[in-house]
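Engineer: With the sequence up front, the predicted model follows.
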Amino acid sequence: MTSETTIIRSNSIYQLSKDPEKFGSIHRKTYLENEPFPNICFENFFDDNMLSQVLEEFPDLAAEDVIVHNNPREKKYAGKGEKSFGPETRKLMHFLNSEPFLIFLQHLTGIKEKLLGDPYYGGGGLHEIKRGGLLKIHADFNKNPFTGLDRRINVLVYLNKDWEESFGGHFELWSRDMTTCKKKILPIFNTMAIFSTTDYSYHGHPDPLTCPEGRSRKSLALYYYTNGRPADEINPNLGDHTTLFKARAGQIDDIQSLQVKEAVNWRAKIIDLIPPVIVKALRKKKLK
């Protein structure tokens, strides 16, 4: 039996594959009305056996050639494209970039512009957060790094079996004024979260992970794009931007992490003003 056949054994996937337009449309009202911005969460969406194979293939990203984030705002590992995918993971990720899944997303979200997947997985793919790791509340980068298309939808598939509430790692969705967490999703195995990405869709995993040593929070991340987007999704003061971190109301640690970011940005700006020959000489001196 092929993995593609295994995938559609799940009831949700079967309905999606049979009629993706209808399956998306019947959930659209829920998606659009959920707070604090359009979102939905499906449990047991995929066939357990298939997704268990994907979990078995998931490497220790700390030992791979990956993107490492290690600063007060984010402590996590992210894969680089398909290089860390196993065969079952590759088949699933290709399905999530396929025509039926894109049609489902189009009718789920009601987005009028044609949705496109990202076969390069820019910023997406395999994600892993280990004990003590986190991802502060933020709005995502708004342009695809390879194509310049507008980022519109995130899909997150969680792979964490026997995950306890006490481990933390909840996926949090926050109000625009950053005063209230409107929704928390425990990242348990075979849970899929889908949400709209705009300049105001603040989300993340802001508190350090408290899982036992040897455990980690694993997920698959997929992003979807269009050519153009509605004006009400855009902060006109920003233009093209990278990740926008936001402080939760009353959280001193969040404010301090933002101040660290500002300090780093100013350091980079100062270095840009120094002639390259002087910067090179200073770096050589530091290495001695």
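Structural biologist: Sure thing, it's come through.
Engineer: residue closest to the middle of this protein?
Structural biologist: A centroid search over the chain (Cα atoms, centre = their mean) returns residue 221, at 5.0 Å, as the residue closest to the centre.
Engineer: and the residue nearest to that one when sequence neighbours are not counted, what is it in contact with?
Structural biologist: Among residues not flanking residue 221 along the chain, residue 124 sits closest, at 4.1 Å (Cβ to Cβ, 6 or more residues apart in numbering). No exception for glycine: its C-beta is placed from N, CA and C like everyone else's. By Cβ atoms under 8 Å, 6 or more residues apart in numbering, residue 124 lies in contact with 78, 118, 221, 222, 223.
Engineer: what do you get if the cut-off is 7 Å, keeping everything else the same?
Structural biologist: Shown in contact with residue 124 (Cβ atoms under 7 Å, 6 or more residues apart in numbering): 118, 221, 222, 223.
Engineer: Please enumerate the helices of the stretch 51-200 of the chain.
Structural biologist: 87-95, 99-109 (DSSP state H, counting those that start in this stretch).
Engineer: Taking their axis directions, the longest one and helix 87-95 sit at what angle?
Structural biologist: Meaning helix 99-109. Computed by axes from the mean of the first three to the mean of the last three Cα atoms, to 10 degrees, the angle separating helix 99-109 from helix 87-95 equals 50 degrees.
Engineer: ok, residue 118 touching residue 144?
Structural biologist: Yes: in terms of Cβ atoms under 7 Å, residue 118 counts as a neighbour of residue 144; the distance is 6.3 Å.
Engineer: Which residue ranges of this structure form strands?
Structural biologist: Taking DSSP state E as the criterion, the chain contains strands spanning 39-43, 67-71, 74-78, 125-130, 134-139, 150-158, 171-174, 181-185, 191-196, 202-205, 216-226, 244-245.
Engineer: can you redo those as JSON lines with distance to residue 53 and mean pLDDT?
Structural biologist: Listed next are the strands of the chain as JSON lines, based on distance: least, Cβ to Cβ, whole Å; pLDDT from 0 to 100:
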{"stretch": "strand 39-43", "distance to residue 53": "19", "mean pLDDT": "95"}
{"stretch": "strand 67-71", "distance to residue 53": "25", "mean pLDDT": "95"}
{"stretch": "strand 74-78", "distance to residue 53": "21", "mean pLDDT": "97"}
{"stretch": "strand 125-130", "distance to residue 53": "15", "mean pLDDT": "98"}
{"stretch": "strand 134-139", "distance to residue 53": "27", "mean pLDDT": "97"}
{"stretch": "strand 150-158", "distance to residue 53": "13", "mean pLDDT": "98"}
{"stretch": "strand 171-174", "distance to residue 53": "24", "mean pLDDT": "98"}
{"stretch": "strand 181-185", "distance to residue 53": "23", "mean pLDDT": "97"}
{"stretch": "strand 191-196", "distance to residue 53": "17", "mean pLDDT": "97"}
{"stretch": "strand 202-205", "distance to residue 53": "25", "mean pLDDT": "98"}
{"stretch": "strand 216-226", "distance to residue 53": "13", "mean pLDDT": "98"}
{"stretch": "strand 244-245", "distance to residue 53": "35", "mean pLDDT": "94"}
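Engineer: Out of those, which is closest to residue 165?
Structural biologist: When the strands of the chain are ranked by distance to residue 165, counting by Cβ to Cβ, first place goes to strand 181-185 at 10.0 Å.
Engineer: Beta-bridge partners for the residue nearest to the centre of the chain, please?
Structural biologist: Using DSSP bridges, the beta-bridge partners of residue 221 come out as residue 125, residue 156.
Engineer: Now do the contacts for it.
Structural biologist: Remark: with contacts taken as Cβ under 7 Å, 6+ apart, residue 221 is in contact with 124, 125, 127, 154, 156.
Engineer: how much space between the last one and residue 128?
Structural biologist: So the one you mean is residue 156. Separation of residue 156 from residue 128 (Cβ to Cβ, to the nearest Å): 13 Å.
Engineer: Residue 133 reaches residue 210, doesn't it?
Structural biologist: No: using Cβ under 7 Å, residue 133 is not in contact with residue 210; the gap is 10.4 Å.
Engineer: Looking at those two, which is more packed in?
Structural biologist: Ranked by neighbour count (other Cβ atoms under 10 Å), residue 133 and residue 210 place residue 133 first, with 20 against 13.
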